[in-house]
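Trainee: Take this sequence and fold it.
(2 chains, ligands or ions: 2)
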There are 2 protein chains.
Amino acid sequence: MSRGPALAVVGATGAVGEVMLRILSQHADVWGEIRLVASPRSAGRKLAVRGEECEVVALADEAFDGIDVALFLVPGEVSARWAPVAAARGAVVVDSSPAFRADPEVPLVVPEVNPHAVRLRPRGIVASPHDTTLTLAPVIGALHAGFGLRELVVASYQAASGAGRDAARALREQISLVADSDLGTGPGDVRRAVGEDGLGPFSGPLALNVVPWTGELLGDGWSSEELGLREETRKVLGLPGLRVAATCVRVPVLISHSLAVHARFEGEVTVDRAHEILATSPGVVLYDQPEVGDFPTPADVVGTDPVWVGRVRRAPDDPTALELFVCGDNLRKGAALNSAQIAEMVAAELAASAGPSPLPAEPSSAPSSGG
Amino acid sequence: MSRGPALAVVGATGAVGEVMLRILSQHADVWGEIRLVASPRSAGRKLAVRGEECEVVALADEAFDGIDVALFLVPGEVSARWAPVAAARGAVVVDSSPAFRADPEVPLVVPEVNPHAVRLRPRGIVASPHDTTLTLAPVIGALHAGFGLRELVVASYQAASGAGRDAARALREQISLVADSDLGTGPGDVRRAVGEDGLGPFSGPLALNVVPWTGELLGDGWSSEELGLREETRKVLGLPGLRVAATCVRVPVLISHSLAVHARFEGEVTVDRAHEILATSPGVVLYDQPEVGDFPTPADVVGTDPVWVGRVRRAPDDPTALELFVCGDNLRKGAALNSAQIAEMVAAELAASAGPSPLPAEPSSAPSSGG
Ligand SMILES: NC(=O)c1ccc[n+]([C@@H]2O[C@H](COP(=O)([O-])OP(=O)(O)OC[C@H]3O[C@@H](n4cnc5c(N)ncnc54)[C@H](OP(=O)(O)O)[C@@H]3O)[C@@H](O)[C@H]2O)c1
Ligand SMILES: NC(=O)c1ccc[n+]([C@@H]2O[C@H](COP(=O)([O-])OP(=O)(O)OC[C@H]3O[C@@H](n4cnc5c(N)ncnc54)[C@H](OP(=O)(O)O)[C@@H]3O)[C@@H](O)[C@H]2O)c1
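Mentor: Residues are numbered from 1 along each chain as shown, chains lettered A, B, ... in the order given. Ligands and ions are numbered 1, 2, ... in the order given. Here you go, the predicted model:
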């Protein structure tokens, strides 16, 4: 076990970090040393991983000494500063933040869709997409392979935890406040019950409300997450001209994002063929029998690895378009799991290039460089 | 005041009925007698309207004696049975249920969009659209007049009260249950906290969840509300071939529906022109300055009459398409207010046709029949 590559988990104390430690405990035989890293605020805290207590160290150059793979689960500005440091010290970085997703020298990887992209990483950094993109990618990647994708119109139902640990806590507190208040039905009554201090990181009260805003304002009224979904989906699918129009909305759900998707393809589609494709796609569960109440909801899929798809219909006026409803745990496939999958691909590649191995990563790979 | 036409409010005790009584109290000078009608369960209850206590009578043939206009705010099967009875007894029926919306002999009216349709009512019945259609219609009707509409892709965020009084109560109870429970983050934890008995009329737990299902199952996986939005929007706009693909989703909001709309038009559109159109459209408030956090949310628009529109953007890859986010109170414009507006148009027409009047309803209308 301790023969595996050494892993650093940077941001081990966050919302994604917490789920990552659970995933690492389930895949216990992949890694040798696991080092937990966070801000100086958390240095000295002990967290359980693989059944053992492990002390958190503060982020610093030395945190990467002897590390083969570094998982970055920290805000974008922290990744922007520290991922190159880790890479310069020899670690392969797998970053879940927005910092490098648009960088042409950094591959953006969803293992079910574009696994080979992981190998070409001139900066030593591999990026994992945004949680909304990740909820969509396994489903739309499979349908693209089957039908040829031309256009996407997406409306999201994003959970509070997509904005991090503190955001999820703020929603829980708001739910308690509105439950305890003698709530009226006038304009602003929910806002008053929650109070300005209770808004948390959201652009409005979230309990008993939905907020059509996530991310930062870019030009022309678009939010960063809406344009990010477009850019990232194009990059992951290798379709630089794909039409994508998204509206990103935060909803009062703790964990798991949902998406209503209108997808237009090159030719005619059928629900039967879409069902066949989705039923056999890796990382996807088809759950689509509305006649017995079977369709995914965020509260039912939370804590599971795959993304779930249901409500598959052909557009009533366009035989080339499908409607879908997709749900996935934003902390698992939407973040920690996808990064863990990428890191394990890198580990297999390092093991293969280290010499004779039962896991040849590429047919032509010569024994070399060492790990 | 008692000179105005006599009005029956059938379903005065329901969620829409409650809001209707408030609206009637604000427009106190329109009607003569106001008679409140509900099921025999409610007969004898006293409700306030125009500042006076008024006793509820049970629905029966005699309930329509001397009535000029009957507002039906009852379930579809009750309307289907009783609206023709009221019409046969000489009342003009304004029905908010789904019962007659698709009937080619019943006009489907949104006063801001197709006011003239109200006059041609061979069955003596005028229908008011579903709350989701009504949230969309004033906005999309105005944009259609300006740009020529070709296609709609809509995802909804529908409030619990859209399913009635008991549904709204079920959501409040679910919110209390999850607030008080030591909620985990595993699959089904919310479902367990709510309990099978607590689901109410929803197809899954609604607190801390979203449920991609409203209405009944029609063919090919579509729900009645999704196909209803398509049929009703076509009928109101007079565009029988309009492409409409909708996904209807219930969200944990008490009152006010929201819609993420992708609308494609005949030619190029600009956000500036769309703003101009929306800023001057009746029944619409443009609220679109994301740079200072101004966009509509359901909790902020509840209790107001108009529908609110924000997040207006041009599709990044299609100069003929706009993205919009629309919110409206499903009990006001989405139900009671629209029916009240239609009823007032009928009242004006009756007054005009009754003889000399300051409210001529049609240039050519001859004094006749009497009211
Ligand atoms: N939440 C999601 O669904 C999701 C999905 C996909 C991607 N992501 C991305 O994943 C990253 C982490 O998100 P999260 O939701 O887990 O955020 P979070 O709950 O706020 O956690 C942030 C983590 O970063 C650490 N951190 C913050 N500032 C630091 C610094 N200056 N030096 C070292 N560590 C620092 C924190 O450590 P302390 O505890 O010491 O403060 C904590 O471990 C973000 O880039 C986010 O965009 C999140
Ligand atoms: N809620 C919305 O947002 C909305 C929007 C647009 C349209 N609508 C439509 O408006 C109608 C009313 O909806 P709602 O939400 O107000 O429903 P609700 O809260 O469940 O109220 C139902 C009303 O109908 C009465 N009723 C039921 N069965 C009856 C019977 N057999 N005879 C006489 N009265 C009877 C009830 O009287 P009791 O109190 O005596 O039972 C109550 O007044 C429905 O057709 C609905 O589809 C609703």
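Trainee: okay, CA-based contacts and neighbour counts for the rest of this
Mentor: OK.
Trainee: Just want the residue of the stretch 101-250 of chain A that's nearest chain B.
Mentor: Chain B sits closest to residue A:208 of the stretch 101-250 of chain A, with a gap of 4.3 Å, by Cα to the nearest Cα.
Trainee: which residue sits closest to that residue in space, ignoring its chain neighbours?
Mentor: Leaving aside its sequence neighbours, residue A:208 sits nearest to residue B:253 (Cα to Cα, 6 or more residues apart in numbering or on different chains; 4.3 Å).
Trainee: list the helices and strands the host helix or strand of residue A:263 packs on?
Mentor: Using DSSP states H and E, residue A:263 falls within strand A:257-265. Contacts defined by 3 or more Cα pairs under 8 Å, 6 or more residues apart in numbering or on different chains; DSSP states H and E place strand A:257-265 against helix A:131-147, strand A:149-157, strand A:321-328.
Trainee: Now do the strands in the stretch 51-200 of chain A.
Mentor: A:52-58, A:69-72, A:92-95, A:125-127, A:149-157 (DSSP state E, counting those that start in this stretch).
Trainee: how much space is there between the most centrally placed residue in chain A and residue A:328?
Mentor: Against the mean C-alpha coordinate of chain A, by Cα atoms, centre = their mean, the closest residue is residue A:334 at 2.4 Å. From residue A:334 across to residue A:328, the span is 7 Å (Cα to Cα, to the nearest Å).
Trainee: Common neighbours of those two, please.
Mentor: Any residue near both residue A:334 and residue A:328 by Cα atoms under 8 Å, 6 or more residues apart in numbering or on different chains counts here, and that gives residue A:135.
Trainee: Point me to the residue of the stretch 101-250 of chain A nearest ligand 2.
Mentor: Of all residues in the stretch 101-250 of chain A, the one sitting closest to ligand 2 is residue A:185 (13.6 Å; Cα to the nearest ligand atom).
Trainee: and residue A:3, what pLDDT?
Mentor: Listed pLDDT for residue A:3 reads 78.
Trainee: could you measure the residue nearest to it when sequence neighbours are not counted against residue A:43, distance?
Mentor: In space, and not counting its chain neighbours, residue A:3 is closest to residue A:32: 5.5 Å by Cα to Cα, 6+ apart. Distance of residue A:32 to residue A:43, given as Cα to Cα: 21 Å.
Trainee: got it, and residue A:57?
Mentor: Per Cα to Cα, residue A:57 is found 5 Å from residue A:43.
Trainee: These two: who's more crowded?
Mentor: Each of residue A:57 and residue A:43 has its neighbours counted (other Cα atoms under 10 Å in any protein chain shown); residue A:57 has more, 22 against 15.
Trainee: ok, now which ones touch the more buried one?
Mentor: Applying Cα under 8 Å, 6+ apart, the residues near residue A:57 are A:35-40, A:42-44, A:63.
Trainee: Just send the helices and strands packed on strand A:257-265 back as CSV, with mean neighbour count, mean pLDDT and distance to ligand 2 too.
Mentor: As requested, the helices and strands packed on strand A:257-265 are exported to CSV (neighbours: other Cα atoms under 10 Å in any protein chain shown; pLDDT from 0 to 100; distance: least, Cα to the nearest ligand atom, whole Å):
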stretch, mean neighbour count, mean pLDDT, distance to ligand 2
helix A:131-147, 23, 98, 30
strand A:149-157, 24, 98, 21
strand A:321-328, 26, 98, 24
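Trainee: Do you have the helices of chain A handy? List them.
Mentor: A:15-26, A:76-88, A:131-147, A:165-180, A:189-194, A:224-237, A:271-279, A:298-301, A:337-353 (DSSP state H).
Trainee: These: which one's closest to residue B:102?
Mentor: helix A:271-279 (26.9 Å; Cα to Cα).
Trainee: Show me what that closest one packs onto, helices and strands only.
Mentor: Taking 3+ Cα pairs under 8 Å, 6+ apart as the contact cut, helix A:271-279 packs with helix A:131-147, strand A:284-286, strand A:307-314.
Trainee: Output the ones you listed in TSV; the columns should cover distance to chain B.
Mentor: Listed next are the helices and strands packed on helix A:271-279 as TSV, based on distance: least, Cα to the nearest Cα, whole Å:
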stretch	distance to chain B
helix A:131-147	16
strand A:284-286	14
strand A:307-314	6
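Trainee: mind checking the end-to-end distance for stretch A:231-246?
Mentor: Span of stretch A:231-246 from end to end, Cα to Cα: 11 Å.
Trainee: circling back: what number of residues lie near the residue nearest to residue A:208?
Mentor: Counted with other Cα under 10 Å, the neighbours of residue B:253 add up to 29.
Trainee: Touching, it and residue B:163? I think so.
Mentor: No. Taking Cα atoms under 8 Å as the definition, residue B:253 is not a contact partner of residue B:163, at 11.8 Å.
Trainee: Contact partners for residue A:278?
Mentor: Residues counted as contacts of residue A:278 (Cα under 8 Å, 6+ apart) are A:139, A:142-143, A:284-286.
Trainee: Show the pLDDT at it.
Mentor: 98.
Trainee: before we move on, what about residue A:185?
Mentor: 81.
Trainee: The one 5 residues further on too?
Mentor: What the model reports as pLDDT for residue A:190 is 93.
Trainee: and the nearest residue to it once chain neighbours are set aside, how many residues sit next to it?
Mentor: The spatial neighbour of residue A:190 that comes closest, neighbours along the chain excluded (Cα to Cα, 6+ apart), is residue B:299 at 6.1 Å. Counted with other Cα under 10 Å, the neighbours of residue B:299 add up to 30.
Trainee: wait, residue B:299 sits on residue A:187?
Mentor: Yes. Using Cα under 8 Å, residue B:299 is in contact with residue A:187, at 6.3 Å.
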